[in-house]
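In: Curious how this folds, go ahead:
(one chain, ligands or ions: 1)
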Amino acid sequence: MEAFLSPKDSARFVAESSQDVLVEEEGVRRVAEALFDKVSAKEFSLAGWKSLHELNPQAVSDDAVNWVFLADTLNFSFWSEHEDCKCLVKYRGKMYSGYWALCAAINRALDDGIPITSAAYYATMTLEQVRHVFRSDTDVPMPLIEERHRILKETGTILLEKFGGSFVTCVKMSEKSAQKLLRIVVENFPSYRDEATFKGKKVSFYKRAQILVADTWSSLEGKGDGCFSDISSLTIFADYRIPQVLVHLGAMRYSDELMRKLREGVMFHSGDQQEVEIRGCSIWCCGLICDHLLELYKRKGQNMSERINAVLLDYYLWDYARDHREDMKEIPIHRVRCIYY
Ligand SMILES: Nc1nc2c(c(CN[C@H]3C=C[C@H](O)[C@@H]3O)cn2[C@@H]2O[C@H](COP(=O)(O)O)[C@@H](O)[C@H]2O)c(=O)[nH]1
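Out: Got it, this is the predicted structure:
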């Protein structure tokens, strides 16, 4: 059977033949120049994963790795039809939305004594228990709750049967290779197979699998089993926020026809040509931004390959998108209901 192109090769192939999404070389250069002084900031650092995000586990531990595995197994489709009518989770006096609502619900459950990060528990949860753990504090539930229940059962059962119930086993099997861990995840956990066919070729983006490797790296602070020698081989994670911020910053552009559909709130399906173009061009665009950033430092005699990679660029841009919602409201996200991002 023909293998899937890697996310990087998929992105190159999509960007080369994309019709409705364009990577703007001049915009890429401008973004890289604008980020030049940000590289040394905590927002662009591995340490920022903990220091900037109170809901992320702060310890270096097996529990933290299994927390990451649960969070990234459910890390998809938080967008709501109406911005003012969405799932919110209140945790320790603060309201959280989107991805952070998921994390708040996980921590709320743990505080309530529910072992939600244990595969032995989530592999056998009833739908009602899943609804309770991930309940919203508004009357808008978290999207795709039935799918989340199915995926918890599937993923927990596999983790128990093949890996002793802990994602730490997978991390150790990867022998400090990000690509090997990515392969272990995609080969063993079906819900992570974020793949499509584009113009006759099998392409992959592996958004949740790649962010799982990245978050594991961050949670382990890039040390010990998490000292991935090839962490720079990962791409950014093609979700629905990164494309929005790239268009907002002028590094990427949509055709008039695509922009009209996005503004109308047209629902896309995972694997549609325009959806694949948005995701593939986002990955390719960010790869070019990384390359240009590295080049700018190289011209100053500095090798920044340890401080600049797609993971840290992604984290920076995603957090930037979260903090600049209002400025970006003219750029619609692309709407897909799926389990991949
Ligand atoms: N590319 C990229 N996509 C990311 C993340 C994260 C969370 N990662 C955090 C954890 C550690 C890091 O420090 C990050 O702060 C979630 N998502 C995706 O966004 C969407 C949710 O958006 P909203 O509805 O606004 O919450 C949804 O597709 C979700 O899968 C990321 O980092 N990069």
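In: rest of the way, CA atoms for contacts and neighbours
Out: Fine.
In: Could you list the low-pLDDT ranges of the stretch 151-300 of the chain?
Out: Filtered on pLDDT under 70, the stretch 151-300 of the chain yields no residues whatsoever.
In: Can you tell me which residues in it are near the ligand?
Out: Contact residues (CA under 6 Å from any ligand atom) of the stretch 151-300 of the chain with the ligand: 237, 238, 239, 240, 241, 242.
In: OK, contacts around the last one?
Out: Residue 242 is in contact with 282, 314, 317, 318, 321, counting by CA atoms under 8 Å, 6 or more residues apart in numbering.
In: which residues does the third one contact?
Out: For residue 317, the set of contacting residues under the criterion of CA under 8 Å, 6+ apart consists of 242, 245.
In: returning to that earlier point: in ChimeraX, how would I select the buried members of the residues of the stretch 151-300 of the chain next to the ligand?
Out: Those of those that count as buried under 16 or more other CA atoms under 10 Å are selected in ChimeraX with:
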select :237,238,239,240,241,242
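In: coming back round to it: adding secondary structure and distance to residue 199, write the contacts of residue 242 out as TSV.
Out: Below are the contacts of residue 242 laid out as TSV (DSSP: H, G, I helix; E, B strand; the rest coil; distance: CA to CA, whole Å):
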residue	secondary structure	distance to residue 199
282	helix	18
314	helix	27
317	helix	29
318	helix	29
321	helix	31
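In: And those, which is closest to residue 46?
Out: Of all these, residue 46 sits closest to residue 314, with 11.4 Å by CA to CA.
In: so the closest one touches residue 234, yeah?
Out: No - using CA atoms under 8 Å as the test, residue 314 is too far from residue 234 to be in contact (10.6 Å).
In: picking that back up, most neighbours among the contacts of residue 242, which one?
Out: residue 282 (31 neighbours; other CA atoms under 10 Å).
In: So which of the residues of the stretch 151-300 of the chain next to the ligand sit within helices?
Out: Counting by DSSP state H, these place residue 242 in helices.
In: Looking at the residues of the stretch 151-300 of the chain next to the ligand, which one is closest to residue 276?
Out: Once CA to CA is applied, the member of those that ends up nearest residue 276 is residue 238, at 9.7 Å.
In: What distance do you get for the closest residue to the ligand within the chain to residue 8?
Out: Nearest to the ligand, among the residues of the chain, is residue 98, at 3.3 Å (CA to the nearest ligand atom). Here the criterion is CA to CA, to the nearest Å. By it, residue 98 lies 27 Å from residue 8.
In: now do residue 14
Out: Taking CA to CA, one finds residue 14 at 10 Å from residue 8.
In: now swap in residue 134 and tell me
Out: Applying CA to CA to residue 134 and residue 8 gives a distance of 34 Å.
In: Equivalent analysis for residue 81, please.
Out: 31 Å.
In: re the thing from before, show me which of the residues of the stretch 151-300 of the chain next to the ligand is closest to residue 30.
Out: residue 242 (16.7 Å).
In: ok, now how distant is that closest one from residue 327?
Out: 14 Å.
In: try residue 234
Out: Where residue 327 is concerned, residue 234 sits at a distance of 29 Å (CA to CA).
In: Helix or strand: which one has residue 261?
Out: For residue 261, the host element (DSSP states H and E) is helix 256-263.
In: Residue 57 now?
Out: Using DSSP H and E, residue 57 maps to neither a helix nor a strand.
In: So residue 98 sits against residue 87, correct?
Out: Yes - contact criterion CA under 8 Å: residue 98 and residue 87 qualify, at 7.4 Å.
In: Once you drop chain neighbours, what's closest to residue 293?
Out: Leaving aside its sequence neighbours, residue 293 sits nearest to residue 32 (CA to CA, 6 or more residues apart in numbering; 5.2 Å).
In: list the contacts for that neighbour?
Out: Counted by CA under 8 Å, 6+ apart, residue 32 has contacts 289, 290, 292, 293.
In: can you check residue 91 too?
Out: Counted by CA under 8 Å, 6+ apart, residue 91 has contacts 104, 105, 107, 108.
In: Can I take it that the third one is in a strand?
Out: No - per DSSP: H, G, I helix; E, B strand; the rest coil, residue 107 lies outside any strand segment and is helix.
In: Let me know how buried it is, in neighbour terms.
Out: Neighbours of residue 107 (other CA under 10 Å): 22.
In: Alpha carbons of stretch 28-39, as CSV, please.
Out: What follows is stretch 28-39 as a C-alpha-only set of coordinates in CSV (Å, rounded to 0.1, in the frame of the first residue of the first chain):
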residue,chain,number,x,y,z
VAL,A,28,6.8,35.6,5.4
ARG,A,29,9.8,37.9,5.4
ARG,A,30,8.0,40.6,7.3
VAL,A,31,6.7,38.2,10.0
ALA,A,32,10.2,36.7,10.4
GLU,A,33,11.7,40.2,10.8
ALA,A,34,8.9,41.1,13.3
LEU,A,35,9.7,37.9,15.3
PHE,A,36,13.4,38.5,15.3
ASP,A,37,13.5,40.1,18.8
LYS,A,38,10.8,37.9,20.2
VAL,A,39,12.9,34.7,19.9
